[in-house]
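>>> From the sequence below, what's the structure:
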Amino acid sequence: MTYRQLLSGNADFRRLWAGQVVSEIGDWLNNIAVLALTIQAAGAGREGLAIAIYAIARHLPLFLFGPLAGVVVDRTDRRRVMIAADVMRAILALGFLLANTMSALPVVYIVGASLFAVSAFFNAAKRATLPNLVRGAEELLLANSLSASTTAATIAVGSALGGIAATFLGRNFVFVLNAATFLLSAILIRRIGREKVGSWQWAVSSKNRTGNESLGTESFERAAPANIEFKKTANRKLPTASFLLRRSLADFREGLGYVRRSQLLSAIFIVAAGWGLGNGAARALYSLFGARLGESTVAGLISRPTDFGISVLFVAMGLGGVLGAPLARRFNAGSQEVLGARMGRSLFFDGCGLALFSLMPTLWGAAVVLIAREMNFAIWWTAQQTIMMSRTDNRYAGRVFASYETLTTLTMVGSMLASGAAADKFGIKPVAASGGIIIALSGLLWFILRREKGKR
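Numbering: from 1, shown residues only. Reported below is the predicted structural model:
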């Protein structure tokens, strides 16, 4: 089955996918204009910290609201959650008009964080809905692949359109257009058949396998898979915030406990923490590189060189992701030993790519290096995830991957904040180069840890 056959033969999935395309293009349209506005509002000498705080405002709400979003979408009509989230995001997105008029960083941060907090609910509902819209394992695999490829493509397309629109039509036009994309997404999702979007909950006995009482909510007991059955529910009572926090912390500890018992998974987590530290610097500083290289490369030729420069680098990032996906499938075929070697090499090259990127004197040279880096990143990510999935007991998979996301998110957020402040003091090039060195060393560390594992 091809992507075209999937889309033409499944109208409800086609509507969900179209909503994803529209809203994600709007996200990246908006991102270019907001980053340029943040740099302008911060002023000279403070851009690094300002960009870092905005990057954290984008990442942290998804992490903090993820557990609650999962509960909500399992207890309510998922289609309504997506529609409500889109309408709320359309309203919130217009807040950037006020931020642009006032040139006020606090408004940028508040609106950005609010948008991504609501996005946590939309994303959870979309992921939970997708399996209900496809028929069989083949369609599900193809749908997930198409969704991932679409995300990479929308980064490139949205960033390109955002750069052009912000440069020639102004940032306010981009902000209004972004709000409109959310409304269009809501209209498309509203056409999905209500009967296909289920609301499900865990139905679990009150005690787990060890005989211990659950933490107070049957729908959240995940320690006893054998006791679980799925059923429709009209119960809409949600667990408390304190329970969610306790459950999340317990899952994190249980996931890390399982990882510690596996030398291979422990090694993956250690190098992933190094990648998070180095990549946090990259994510915080990409836009600053784009703004400054845009000013030095196309100033005098384009009215808004900062917007244009940021757009070029984000287009390069998305294009690298699109081109890297088929390479990852090709290069990551083979045994676990082959996968492990490619994971280490690609992580090392990822760090070298970031260090080389930091040295590029022109916008176009930086874009070429970024394309190559993102293509290589796809190889590392696919190899790493494949190894983790194949070496993790299914009973612990959710907690292991949740722990992984927690670890990498926290290391990236901490790195973003430190990198932004350091860039204002020492300059963006040495900070980005340092991030690349950390990632490259993590790649080398992977081979050392594998060798130690082989000796035992």
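>>> Look up how far residue 337 lies from the residue nearest to residue 343 when sequence neighbours are not counted.
Distance criterion C-beta to C-beta, 6 or more residues apart in numbering; nearest residue to residue 343, sequence neighbours excluded, is residue 383 at 4.0 Å. C-betas here are computed from N, CA, C, even on glycine. Noted for residue 383: a distance of 12 Å to residue 337, by C-beta to C-beta, to the nearest Å.
>>> Which one's more surrounded, the two?
residue 383 (25 against 9; other C-beta atoms under 10 Å).
>>> For the more buried one, I want the exact helix or strand it lies within.
Secondary structure from DSSP states H and E places residue 383 in helix 363-391.
>>> which residues in the stretch 151-300 of the chain form strands?
Remark: strands assigned in the stretch 151-300 of the chain by DSSP state E, counting those that start in this stretch are 200-203, 229-232.
>>> tell me, how many neighbours does residue 131 end up with?
12.
>>> ok, it touching residue 137?
No: the pair residue 131 and residue 137 does not pass the contact test of C-beta atoms under 8 Å, sitting 10.0 Å apart.
>>> Could I get the pLDDT score of the closest residue to residue 40 other than its chain neighbours?
Spatially, and ignoring its direct neighbours in sequence, residue 40 is nearest to residue 103 (6.8 Å; C-beta to C-beta, 6+ apart). Residue 103 carries a pLDDT value of 88.
>>> Give me the phi and psi angles of residue 302.
phi -130, psi 140 (degrees, to the nearest 10).
>>> ok, how many other residues are close to the residue nearest to it when sequence neighbours are not counted?
Leaving aside its chain neighbours, residue 302 sits nearest to residue 308 (5.1 Å; criterion: C-beta to C-beta, 6+ apart). Residues lying near residue 308 (other C-beta under 10 Å) number 27.
>>> cool, and residue 10?
By other C-beta under 10 Å, neighbour count at residue 10 equals 17.
>>> Pull the contacting residues for it.
Neighbouring residues of residue 10 by C-beta atoms under 8 Å, 6 or more residues apart in numbering: 133, 134, 135, 139.
>>> Next one: it relative to residue 140, how far apart?
Residue 10 is 11 Å from residue 140, by C-beta to C-beta.
>>> For the residue most central in space within the chain, identify the helix or strand it belongs to.
Most central in the chain under C-alpha atoms, centre = their mean is residue 59, positioned 7.8 Å from the mean C-alpha point. Taking DSSP H and E as the criterion, residue 59 maps to helix 47-75.
>>> Tell me, please, where in the chain the pLDDT is lower than the cut-off.
141, 194-242, 244-245, 248, 252, 329, 331-334, 398, 453-456 (pLDDT under 70).
>>> hang on, the earlier thing: report the contact partners of the residue nearest to residue 302.
Applying C-beta under 8 Å, 6+ apart, the residues contacting residue 308 are 163, 167, 294, 298, 302.
>>> which residues are contacting stretch 287-299?
Here stretch 287-299 makes contact (C-beta under 8 Å, 6+ apart) with 35-36, 38-39, 47-48, 51, 302, 305-314, 357-358, 360, 362-364, 366, 423, 428, 432.
>>> Make a ChimeraX selection of the buried ones in these.
Here is the ChimeraX command that selects only those of the contacts of stretch 287-299 that count as buried (16 or more other C-beta atoms under 10 Å):
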select :35,36,38,39,47,48,51,302,305,306,307,308,309,310,311,312,313,314,357,358,360,363,366,423,428,432
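>>> Quick one: mark the members of the contacts of stretch 287-299 that sit in helices.
Within the contacts of stretch 287-299, residues falling in helices by DSSP state H are 35-36, 38-39, 47-48, 51, 305-314, 357-358, 363-364, 366, 423, 428, 432.
>>> For the host helix or strand of residue 118, buried residues please.
In this assignment (DSSP H and E), residue 118 forms part of helix 105-133. Judged by neighbour count using 16+ other C-beta under 10 Å, the buried positions of helix 105-133 are 105, 107-109, 111-126, 128-130, 132-133.
>>> which neighbours do residue 10 and residue 140 share?
Joint contacts of residue 10 and residue 140 (C-beta under 8 Å, 6+ apart) are residue 134.
>>> Residue 55: neighbour count?
What residue 55 shows, counting by other C-beta under 10 Å, is a neighbour count of 25.
>>> from memory it sits against residue 284, does it?
Yes: counting by C-beta under 8 Å, residue 55 touches residue 284, with 5.2 Å between them.
>>> what residues do the two have in common as contacts?
By C-beta under 8 Å, 6+ apart, the residues touching both residue 55 and residue 284 are 416, 420.
>>> Residue 342 belongs to a helix, doesn't it?
Yes: the assignment for residue 342 by DSSP: H, G, I helix; E, B strand; the rest coil puts it in a helix.
>>> number of nearby residues for it?
19.
>>> Apart from its neighbours in sequence, what residue is nearest residue 93?
Residue 93 sits nearest to residue 179 (C-beta to C-beta, 6+ apart), 4.1 Å away.
>>> Distance of the one you found relative to residue 138?
37 Å.
>>> and those two? which has more neighbours close in?
residue 179 (20 against 11).
>>> How about the contacts made by residue 314?
Contacts of residue 314 (C-beta under 8 Å, 6+ apart): 28, 31, 32, 155, 156, 159, 162, 163, 286, 287, 290.
>>> Now for the residue nearest to the centre of the chain: which residues touch it?
Here residue 59 is in contact with 116, 409, 412, 413, 416 (C-beta under 8 Å, 6+ apart).
>>> Next, count neighbours for the residue lying closest to residue 413 once chain neighbours are set aside.
Leaving aside its sequence neighbours, residue 413 sits nearest to residue 56 (C-beta to C-beta, 6+ apart; 5.3 Å). Using other C-beta under 10 Å, residue 56 is surrounded by 22 other residues.
>>> now do the one 4 residues further on
One way to gauge burial is a neighbour count; for residue 60, by other C-beta under 10 Å, it gives 18.
>>> Relative to residue 413, how far out is it?
6 Å.
>>> And residue 303, by the same measure?
34 Å.
>>> Neighbour count for the two, which is higher?
Applying other C-beta under 10 Å to residue 303 and residue 413 shows that residue 413 carries more neighbours, namely 20 against 11.
>>> give the contact list for the more buried one.
56, 59, 60, 63, 280.
>>> Recalculate using a threshold of 7 Å.
Going by C-beta atoms under 7 Å, 6 or more residues apart in numbering, residue 413 touches 56, 59, 60, 280.
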